[in-house]
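Trainee: only geometry, no sequence info:
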């Protein structure tokens, strides 16, 4: 027997709606951060990318901007999963 019928009728719906909203807000913040990183990366020179990689503990002799961007993206993804 459920004691708080008003909770089970209205309260649970409100609580679940708030949870969904929180998850959606977190996802959009994550997408905004990744798109901002992409924009920043496009404006970086190879030397800037190498410095960022070096700060993350990755030393490389690669000079190609596309390869450096890929390495930096992979490093960010790896860092975010840890």
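Mentor: That came through, no problem. This is a predicted model, so every value here is computed, not measured.
Trainee: Now do the contacts for the nearest residue to residue 41 once chain neighbours are set aside.
Mentor: If the residues on either side of it in the chain are set aside, residue 41 comes closest to residue 69, at 5.4 Å by C-beta to C-beta, 6 or more residues apart in numbering. Backbone N, C-alpha and C define where each C-beta goes, glycine included. Residues near residue 69 by C-beta atoms under 8 Å, 6 or more residues apart in numbering: 41-42, 49.
Trainee: Just list the residues touching the closest residue to residue 56 other than its chain neighbours, thanks.
Mentor: Using C-beta to C-beta, 6+ apart and skipping the chain neighbours, the partner closest in space to residue 56 is residue 75 (5.1 Å). With contact taken as C-beta under 8 Å, 6+ apart, residue 75 is in contact with 53, 56, 58.
Trainee: try it again with 10 Å
Mentor: Neighbour list for residue 75: 52-53, 55-58 [criterion: C-beta atoms under 10 Å, 6 or more residues apart in numbering].
Trainee: go on, residue 72?
Mentor: 37, 40-41, 44, 48-50, 52-53, 56, 58.
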